[in-house]
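Visitor: Quick one, fold the following:
(chains A and B)
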Protein chains: 2
Amino acid sequence: MKDEVVALIEQRKYKSLFDLLDVMNPVDLSLLMAELNREDMLKVFRLLPKDKAADVFAYLQPDDQEKLITSLTDSELENVIAELFLDDTVDLVSEMPATIVRRILKTTDPHQRKLINEILQYPDDSAGSLMTIEFVDLRGNMTVDAAIEKIRRDAIDKETIYTCYVLDDTRHLIGIVTVKDLLIAKGDTVLSEIMQTNIISAHTLDDKEDVAKTFDKYHFLALPVVDSENRLVGIVTIDDAMDVLQEENAEDFEIMAAVNPSDDTYFKTSVFKHAKNRIVWLTVLMFSSMLSGAIINHFDAAFTAYPILVSFMTMISGTGGNSGSQSSTLVIRGMATDEIKGRDYFRVAWKEFRVALICAVALGLMNGLRVFVQYHDFRLALVIFLTLICTVVFSKLLGCSLPMLAKKIHVDPAIMATPFISTIVDACSMFLYFTIATGILHIAA
Amino acid sequence: MKDEVVALIEQRKYKSLFDLLDVMNPVDLSLLMAELNREDMLKVFRLLPKDKAADVFAYLQPDDQEKLITSLTDSELENVIAELFLDDTVDLVSEMPATIVRRILKTTDPHQRKLINEILQYPDDSAGSLMTIEFVDLRGNMTVDAAIEKIRRDAIDKETIYTCYVLDDTRHLIGIVTVKDLLIAKGDTVLSEIMQTNIISAHTLDDKEDVAKTFDKYHFLALPVVDSENRLVGIVTIDDAMDVLQEENAEDFEIMAAVNPSDDTYFKTSVFKHAKNRIVWLTVLMFSSMLSGAIINHFDAAFTAYPILVSFMTMISGTGGNSGSQSSTLVIRGMATDEIKGRDYFRVAWKEFRVALICAVALGLMNGLRVFVQYHDFRLALVIFLTLICTVVFSKLLGCSLPMLAKKIHVDPAIMATPFISTIVDACSMFLYFTIATGILHIAA
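Guide: Take a look at the predicted model:
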């Protein structure tokens, strides 16, 4: 695609280029433009009709938006900003450097500037920062026909029209009607008769993750956002909610792998940034593992007398780590989807204890038997059998407890995933292992 | 909520109960019903208006649906099935035991039964299994007014009406118009003038995960599904696409924690099922770690001569495991979001190599220095320094390579996450460690 476009530009075949661009989807156009150099990008952009150009612009990454804006004339920029939905303008203003922000704000009128500033003041992770203020508002005494007429007039400037909001004189939200409701109803029906009055809404300061989960739960296309006096100030649309859900998932994956979460994608993050995001946790975990070193050191009499003990160390700590991370991951996920709540602790622990016992006995028997067959040493086999049972049960209980404890003390439970659990399990499993070994093998510690 | 409802039932205050239920959202009603016993559930269900009852029914979990159906009379069941959207009926038929399926199919007419059977034949993970066949179809020579008139007539039976499909005489999809397009356009415009003809669609046999990603990319509300002759057979709606994205994420989390993915939630899965889902991978990983045992055993001369070496083993294998799982997780995520493609291998490996080098030198210096200060043994400090550098670089290269290799040979890359990487890194890091140690400390292996 890129090569075709570049060739058409070089050959100055702008009519063919126009026809090619005309049928393309805005998302695909934005991906195409991101691959072009500044000059070609500008040429492609100038060939797009005004409303489509704004659409494509909204989908560009911030660095490409910046590249483009610096090449646009003031009047071209004004056209783009005029066509953008307000929430996209707000996103743009919050991402661009100060000089560009000044150019953008110069193109807006005082009323728009005031709105932009209001939205910018909501915290980054709030429903307010996510919302758009371009929605269709109706009155309860309107007829269906009048409502449809108003929607037809207003639709072009609204991001979504399919859910409409019925307000009273003081802009309190009193009902919701969908365009589907309107189309099904008779034309002379009054809205107050068909509107839904049991309204699920978000507050401007609600956490945007909770807002996204509300979409997931109720299958909404849009959610109204109200202020502290229950006045409608904006709506969140499903596409933004989906983005939040995907971001939160990405963040959980990163935290669970002991990487500091980053807003940028893999390739957009520089080598130094990658290293910085990873090195903190690696260092913390490395020095935490000095504890297991100290425990092992304490038992050096055991493995000097019985060197074969050393060869089982990684198997034991590995099995413990894996058992623990299975439990912690399932509990972290259960809490993320709201299935597991704080009060369920004993229910979870009792379940994990029984699961652990089954896994532990099976693993202990398999490996104990293997050791007995290989080394013909019953006491060594017994040590491995008992150590695996204790380690697996302990790891699974720790794995389910730490994420729930983290949530209790308002730390992100995802931190208590594999790497963190493994480090603690390493130390504890080594202590269990050598304690059991010195006891059964009669070695003086 | 539950207590209030139970109290109203006990006091036979059905009018108050009706008023309470009337304003509740269908999703909340389904969650409420799931908490009730069979008898109360039935009473609540019978108080709901027909169309809302079907809505609530569609949101119930399969075991609650089964509980309810067995209590319903045949004519009640017929009412429910008649109001259900076809994709929900298909889901129901695929989840219920044979006796109930027979009762359900008895309530449907031959045409519906044929449609249900057709959808049931699509593979579980295909777009076909996900789609609904209730969409609005229009003709290209219709005017906007005629189209709106048709939508008003058909809307009540359609799951979504906001995206409409323009078909030719042989049901080929030739264009798309949204209700917003229709409302903005003049009433006498012909559809073929305003419809979008650059159509992004899915094929019935496309992977449903790819379908969900298309929604995420283009911010659609619905996606058309066509057969091999490009005839429109159904549409996928955004709520189902969101469910697929969330399921895929949950599955990735489970696989990455070495748990066999399960369709049920944490509490709904029995202890034995949990144990079964986890024990296979624990066993595989436990026996794989025999390799590191064998390597360690091979070097027993080293640690009998230099017992302090044993105390660094868990720190080294742990740091290697963590470094590797950081890389593998980021690469797995990058591939899941389509940022990283197979052809990017050398780009990824070169990036990881540089990131690894920075992390490795930092960690090696910190720990080498610590060892030198604590033990005043320069050669031991050098062993730790060099081992950490080699282990971290090796682990990160392995961590980014294995998921990409997995994808190449059509294995789910998520399997190559923490537990799998750790087990391989354990063995390799021990080999590196003792090889370096025997070399520098001049111990005969």
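Visitor: For the rest of this, base every contact and every neighbour count on C-alpha atoms.
Guide: Fine.
Visitor: where exactly do the strands run in chain A?
Guide: Using DSSP state E, the strands of chain A run over residues A:137-139, A:163-167, A:173-178, A:202-203, A:222-226, A:232-237.
Visitor: okay, these in JSON lines with mean neighbour count next?
Guide: Compiled in JSON lines, the strands of chain A are given as follows (neighbours: other Cα atoms under 10 Å in any protein chain shown):
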{"stretch": "strand A:137-139", "mean neighbour count": "21"}
{"stretch": "strand A:163-167", "mean neighbour count": "22"}
{"stretch": "strand A:173-178", "mean neighbour count": "21"}
{"stretch": "strand A:202-203", "mean neighbour count": "24"}
{"stretch": "strand A:222-226", "mean neighbour count": "24"}
{"stretch": "strand A:232-237", "mean neighbour count": "24"}
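Visitor: Would you format the ones you listed as TSV with mean pLDDT and distance to residue A:308 included?
Guide: Putting those into TSV (pLDDT from 0 to 100; distance: least, Cα to Cα, whole Å) gives the following:
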stretch	mean pLDDT	distance to residue A:308
strand A:137-139	92	77
strand A:163-167	93	70
strand A:173-178	93	72
strand A:202-203	93	62
strand A:222-226	93	64
strand A:232-237	91	62
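Visitor: could you dump these to CSV with distance to residue A:94?
Guide: Output for these, formatted as CSV (distance: least, Cα to Cα, whole Å):
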stretch, distance to residue A:94
strand A:137-139, 27
strand A:163-167, 28
strand A:173-178, 29
strand A:202-203, 22
strand A:222-226, 21
strand A:232-237, 18
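Visitor: Make CSV out of the ones you listed and add distance to chain B.
Guide: Shown next, in CSV, are the strands of chain A (distance: least, Cα to the nearest Cα, whole Å):
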stretch, distance to chain B
strand A:137-139, 16
strand A:163-167, 11
strand A:173-178, 11
strand A:202-203, 15
strand A:222-226, 12
strand A:232-237, 10
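Visitor: Report how far apart the opening and closing residues of stretch A:139-158 are.
Guide: This stretch, stretch A:139-158, spans 17 Å end to end (Cα to Cα, to the nearest Å).
Visitor: neighbouring contacts of it?
Guide: Applying Cα atoms under 8 Å, 6 or more residues apart in numbering or on different chains, the external contacts of stretch A:139-158 come out as A:85, A:134-136, A:138, A:161, A:166-168, A:175, A:182, A:185-192, B:180, B:183-184.
Visitor: The stretch 1-150 of chain A: helices as residue ranges?
Guide: Using DSSP state H, counting those that start in this stretch, the helices of the stretch 1-150 of chain A run over A:2-10, A:14-22, A:26-35, A:38-47, A:50-59, A:62-71, A:74-83, A:86-95, A:98-106, A:110-120, A:127-130, A:144-154.
Visitor: Against which helices or strands is the third one packed?
Guide: Secondary-structure packing of helix A:26-35 (3 or more Cα pairs under 8 Å, 6 or more residues apart in numbering or on different chains; DSSP states H and E): helix A:38-47, helix A:50-59.
Visitor: Name the stretch among the helices of the stretch 1-150 of chain A that sits most buried.
Guide: helix A:127-130 (a mean of 26; mean count of other Cα atoms under 10 Å in any protein chain shown).
Visitor: ok, and does it reach over to chain B?
Guide: No - under the criterion of Cα under 8 Å from any Cα of the partner chain, chain B is not reached by helix A:127-130; the shortest gap measures 15.7 Å.
Visitor: tell me what that helix is packed against?
Guide: Under the contact definition 3+ Cα pairs under 8 Å, 6+ apart, helix A:127-130 sits against helix A:110-120, strand A:202-203, helix A:208-218, strand A:232-237.
Visitor: Least confident of the ones you listed, on average?
Guide: Looking at those, the lowest mean pLDDT belongs to helix A:110-120 (a mean of 85).
Visitor: any idea how far it is from the chain center?
Guide: 27 Å (Cα atoms, centre = their mean, to the nearest Å).
Visitor: Check stretch A:87-96 too.
Guide: Centre-to-centre, stretch A:87-96 and its host chain are 20 Å apart (Cα atoms, centre = their mean).
Visitor: Equivalent analysis for stretch A:18-25, please.
Guide: The answer for stretch A:18-25 is 33 Å, by Cα atoms, centre = their mean.
Visitor: Please report how far residue A:269 lies from residue B:301.
Guide: On the measure of Cα to Cα, residue A:269 and residue B:301 end up 45 Å apart.
Visitor: oh sorry, the question was meant for residue A:350
Guide: In this structure, residue A:350 and residue B:301 are 45 Å apart, going by Cα to Cα.
Visitor: So which of the two has more stuff around it?
Guide: For residue A:350 versus residue B:301, the count of surrounding residues by other Cα atoms under 10 Å in any protein chain shown is larger for residue B:301: 16 against 13.
Visitor: residues contacting the residue nearest to residue A:317 when sequence neighbours are not counted?
Guide: Using Cα to Cα, 6 or more residues apart in numbering or on different chains and skipping the chain neighbours, the partner closest in space to residue A:317 is residue A:426 (5.1 Å). By Cα under 8 Å, 6+ apart, residue A:426 lies in contact with A:289, A:292, A:317-318, A:320-321, B:314.
Visitor: The nearest residue to residue A:34 once chain neighbours are set aside and residue A:36: what is the separation?
Guide: Leaving aside its sequence neighbours, residue A:34 sits nearest to residue A:64 (Cα to Cα, 6+ apart; 6.4 Å). From residue A:64 across to residue A:36, the span is 10 Å (Cα to Cα).
Visitor: Name the nearest residue to the closest residue to chain B within the stretch 301-445 of chain A, ignoring sequence neighbours.
Guide: The stretch 301-445 of chain A approaches chain B most closely through residue A:311 (4.4 Å), counting by Cα to the nearest Cα. Spatial nearest neighbour of residue A:311, chain neighbours left out: residue B:293 (4.4 Å); criterion: Cα to Cα, 6+ apart.
Visitor: Quick check, the one you found in contact with residue A:316.
Guide: No - under the criterion of Cα atoms under 8 Å, residue B:293 is not in contact with residue A:316, lying 10.2 Å apart.
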